[in-house]
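*Asks:* below are the sequence and a predicted model; questions follow.
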Amino acid sequence: MIKLLKIALLAFFVPVLAFSAWELTEGASGEIKSITSSGGKLYAASYGSGAFFSQTKGVTWIPINSGMETNLVWDVKELNNRIFAATEGKGIYMSTNSGLNWSKSNDGLGHFSVFALSTANNNIYAMTDESGLFYSTDLGKNWATMNNGDLNLVLSSIASRNNEVYVGSEFGNLYKTTDLGKNWENLKSGPLVSTIKSIWLDNEKIFLGTSSGVYLSTDNGKNWSSVSQGLTNFDINSIIKVGEKLIAGTNGGGIFFSNNDGKIWIEINEENPDYKIISLAFDDEYVYAGTTNSGIIRRKISDIKFPELTAPKLQSPENKITNQEYDIVLRWSNVPAAASYHVQIALDPSFNNIFREKDQIQNTFYNVTGLSEATEYFWRVAVNSLDNQKIWSEVWSFKTKAELQASNLIYPANESSVAAPVNFLWSQAKGALSYKIQVALDNSFEELVVNSAAITDTFYKATNLTENLDYYWKVISIGPGESTKESAIRKFRLLPTSVEDNLIEEVFTMYPNPAITSVNVILNVINQENSTLLIYNLLGEEIIKKQLNNSLQNNLISFELPQGIYIVKVLIGANSYYKKLLVNQ
């Protein structure tokens, strides 16, 4: 059996924090409705297996059911060396020898299904099913009703101290009496709307475990606030406080812990075999948790502690990714014990130019909208402590996509006549990853002559064109996700090969090429007044334009250009002559 239990523990193990784990004890079974620590001894109530006893700090449990007529036990409490057990259908049993023998203690008890007990000031209080509350001042010999006034008879929890008794019910009603039920005060207010399943009294503070989280009053129940940040399950079955450590058992989310009165909770489920926690208790060394199907588990109090805060780990979008949308979701890892998060998005890695930021974020994601196209952004996230100290993550970046634009066609110009082979030139297009060029005999491009594959260059040499024919050409820009944008359509005519007097070298030469900053152009042929020298960058932008005349023939023209690739064009009459120029620094 022990081996099987160990295998089950491994199957349920989900690491959360690097602390010691919960230990599964032996002997107790059924749904552990309550656990009580008294004088170095532990008692447990099991719905289905009766009562259990341990004097080994829970390492082993032994059944103590002699004299009981039922094994449906809901609660066990100790008062003045007497043990009381609340049962379903059989009322209350009492033992004077640590549970070795039991006898009924039901005189005056108006209902025999008792779901919870509480003790204070030598009094014992019993919460029944649908018949309200009873009390005994003589160690269970006699019982009397406390159901006066507006007390709701369908109750769900009870706690007591000194002469005060508190009972919780559905819909957030919390009743208080100081005179054994003669008068009741309903402390329900504000956010209290759901079933109160557990009550913990801590001086002027009152903690409530409800089906919608944990609530706290710091003024004896006059005002209430939710203290549930960090909980991932809000159905609280049991809540206790061990020194400054507040511990909550949930119905399906396991066990949580807070060291600041519930302002921040962290999960402490290491090697917890059962996430349905019904009851909690503690002694001087251990916290004990009663489960639905796995008996009782325990953990050292000294090992339950908050981790040191660490920086969040950024998750998405991945670092240095490109082509992102203009609305994006930033995500990062959860940091246990974080009070909140602070996210910054900037236009520089030093965060001098902040684009957007948000502090006191309770989630681990942030929606960013309105980003600019083709822009690199840098982002980071800080974890905030309760005193607002910040620990920043590393810096990641992403770049938004550019709106895909069409290329500007450079050569051949529209309605021009050119010689073979034709070196097609076009500008770089914003947002383009590659290009396709198409050449056709008709402007609807049904009779394609050239239909290239995707290329990354902005030029293409065609050698299969026929002279003395008119052609149409266009360039298709290809962006992210195979998006496309077509250029304008240009028309040209291919001259016969015999027209060699228009050779580029006979018109102009350039040196040096590649050049360093400055370049010289020698014009060899200028025989018309409408001759022009033009220089374009790869975006198709005209950066130099100079009208030429016959007086410049065989003369030198010099100019300076920044580093880059350029197209030099000499236009003489209707003829255009092109050369590619590379300028290095």
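*Replies:* Structure received.
*Asks:* against residue 535, how distant is residue 582?
*Replies:* 13 Å (C-beta to C-beta, to the nearest Å). C-beta here means a position set from N, CA and C on the backbone, and glycine is covered the same way.
*Asks:* and residue 24, by the same measure?
*Replies:* Taken as C-beta to C-beta, the span from residue 24 to residue 535 is 82 Å.
*Asks:* repeat for residue 176
*Replies:* 90 Å.
*Asks:* now swap in residue 140 and tell me
*Replies:* Distance, residue 140 to residue 535, by C-beta to C-beta: 106 Å.
*Asks:* between those two, which is the more surrounded one?
*Replies:* A count of neighbours by other C-beta atoms under 10 Å puts residue 140 above the other of residue 140 and residue 535, at 23 against 19.
*Asks:* got the domain ranges for this structure?
*Replies:* Taking automatic domain parsing as the reference, the chain has its domains at 2-303, 314-400, 409-494, 504-584.
*Asks:* now the closest residue to residue 496 other than its chain neighbours: phi and psi?
*Replies:* Among residues not flanking residue 496 along the chain, residue 467 sits closest, at 4.7 Å (C-beta to C-beta, 6 or more residues apart in numbering). Per-residue torsions, residue 467: phi -70, psi 160 (degrees, to the nearest 10).
*Asks:* which parts of the stretch 1-150 of the chain are helices?
*Replies:* Using DSSP state H, counting those that start in this stretch, the helices of the stretch 1-150 of the chain run over residues 2-12.
*Asks:* which parts of the stretch 351-500 of the chain are strands?
*Replies:* Using DSSP state E, counting those that start in this stretch, the strands of the stretch 351-500 of the chain run over residues 354-361, 365-368, 376-384, 390-392, 396-400, 409-411, 416-418, 422-426, 434-440, 448-451, 459-462, 470-478, 484-486, 490-494.
*Asks:* out of those strands, nearest to residue 218?
*Replies:* strand 354-361 (22.2 Å; C-beta to C-beta).
*Asks:* what's the closest one packed up against?
*Replies:* Contacts defined by 3 or more C-beta pairs under 8 Å, 6 or more residues apart in numbering; DSSP states H and E place strand 354-361 against strand 340-346, strand 376-384.
*Asks:* lowest average pLDDT across the strands of the stretch 351-500 of the chain?
*Replies:* Mean pLDDT per stretch puts strand 416-418 lowest among the strands of the stretch 351-500 of the chain, at a mean of 82.
*Asks:* got the helices and strands packed on strand 354-361 as CSV, with mean neighbour count columns?
*Replies:* Output for the helices and strands packed on strand 354-361, formatted as CSV (neighbours: other C-beta atoms under 10 Å):
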stretch, mean neighbour count
strand 340-346, 20
strand 376-384, 21
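*Asks:* save the ones you listed as a markdown table, and put in distance to residue 181 too.
*Replies:* As requested, these are exported to a markdown table (distance: least, C-beta to C-beta, whole Å):
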| stretch | distance to residue 181 |
| --- | --- |
| strand 340-346 | 44 |
| strand 376-384 | 47 |
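*Asks:* residue 73 is nearest to which of those strands?
*Replies:* strand 340-346 (44.0 Å).
*Asks:* partner strands of that closest one and their direction?
*Replies:* Applying DSSP bridges, strand 340-346 is found paired with strand 354-361 (antiparallel), strand 376-384 (antiparallel).
*Asks:* shared neighbours of residue 582 and residue 535, which are they?
*Replies:* Listed contacts common to residue 582 and residue 535 are residue 566; contacts here mean C-beta atoms under 8 Å, 6 or more residues apart in numbering.
*Asks:* tell me how far the residue nearest to residue 39 when sequence neighbours are not counted lies from residue 415.
*Replies:* Spatial nearest neighbour of residue 39, chain neighbours left out: residue 78 (7.5 Å); criterion: C-beta to C-beta, 6+ apart. Using C-beta to C-beta, residue 78 is found at 105 Å from residue 415.
*Asks:* could you dump the strands paired with strand 340-346 to CSV with distance to residue 97?
*Replies:* Listed next are the strands paired with strand 340-346 as CSV, based on distance: least, C-beta to C-beta, whole Å:
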stretch, distance to residue 97
strand 354-361, 58
strand 376-384, 54
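*Asks:* ok, back up a step: more neighbours: which of residue 78 and residue 415?
*Replies:* residue 78 (19 against 11).
*Asks:* that one bridge partners, please.
*Replies:* Going by DSSP bridges, residue 78 forms beta bridges with residue 83.
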